[in-house]
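Chemist: Got a sequence here, can you build the structure:
(2 chains)
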Amino acid sequence: QVTLRESGPAPVKSTETLTLTCSVSGFSLNTDGMCVSWLRRTPGKALQWLAVIDYKDKKFYNPSLQTRLSIAKDASRSQVVLTLTDMDPIDAGTYFCARTMGYCAGGVWPPLDYWGQGIPVIVS
Amino acid sequence: SSELTQDPDVSVVLGQTVRITCQGDSLRKFRASWYQLKPGQAPILVLYGKNVRPSGIPDRFSGSTSGNTGSLTITAAQAEDEADYFCSSRDGSGKELGLLGGGTRVSVL
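Modeler: Below you'll find the predicted structure:
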């Protein structure tokens, strides 16, 4: 059974760095073609793709946030970690991790077939 | 242009049919995928490709494309279909990154 679960801190303060972890099970992060993305949904209700890491550790970022984002994986622990620096209240929302397979540079395509339930992020 | 546009809100009477649309030039080349989002739950992929439903998705969900518009149709909508729906697709302008629509809130009355 494929599952993804996000975890992270309670409120984060403005200007601090947000670190979120996506713990996966039911598949390997090293499987050929595997990609894990992070997305968020902000109070304005828009869904925004943030970053992806592929099975070879190749990384792609949303150009509008690229300077603040970093994504990494630890396949031995089945975890993908996202960091977002210089947090601002507009960064508050729900953050999701999700997986796709085949082509990772597309972000939201191929379709994201499994998602975590998301983690709320509050910026104080 | 490289964007997908959705109506913010639609409503449907329980048991009736509702169509959720997604407009964008990329849909002239590529089919939309559709996600269902409910508060506190993992988003679900409900449709992709040429009207393909992932395992477990009821057949009351169907998709179609006409010109630059992709549609997700819910036939005989149920109370549990009340959710936000987002479309996505590959970018038809040659950019690598895919596109996400702004989302549609579906209310079942």
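Chemist: does the worst-scoring helix or strand of chain B on mean pLDDT come close to chain A?
Modeler: Every helix and strand of chain B was ranked by mean pLDDT, DSSP states H and E. The lowest is strand B:99-100, at a mean of 93. Yes: applying C-beta under 8 Å from any C-beta of the partner chain, one finds strand B:99-100 touching chain A at B:Leu99, B:Leu100. Where C-beta positions appear, they are placed from N, C-alpha and C, glycine not excepted.
Chemist: What helices and strands are in contact with that strand?
Modeler: On a contact count with 3 or more C-beta pairs under 8 Å, 6 or more residues apart in numbering or on different chains; DSSP states H and E, strand B:99-100 meets strand A:47-54, strand B:83-89.
Chemist: which other residues reach the helix or strand that the first one is followed by?
Modeler: For strand A:47-54, the succeeding helix or strand toward the C-terminus, using DSSP states H and E, is strand A:59-61. Taking contacts as C-beta atoms under 8 Å, 6 or more residues apart in numbering or on different chains, the residues outside strand A:59-61 that touch it are A:Leu50, A:Ala51, A:Val52, A:Ile53, A:Leu69, A:Ile71, A:Ala72, A:Cys104, A:Ala105, A:Gly107, B:Glu96, B:Leu97.
Chemist: Next one, pLDDT for the closest residue to A:Ile90 other than its chain neighbours please.
Modeler: Setting aside the residues directly before and after it, A:Ile90 is nearest to A:Thr42 in space (C-beta to C-beta, 6 or more residues apart in numbering or on different chains), at 7.1 Å. Among the per-residue scores, A:Thr42 holds a pLDDT of 90.
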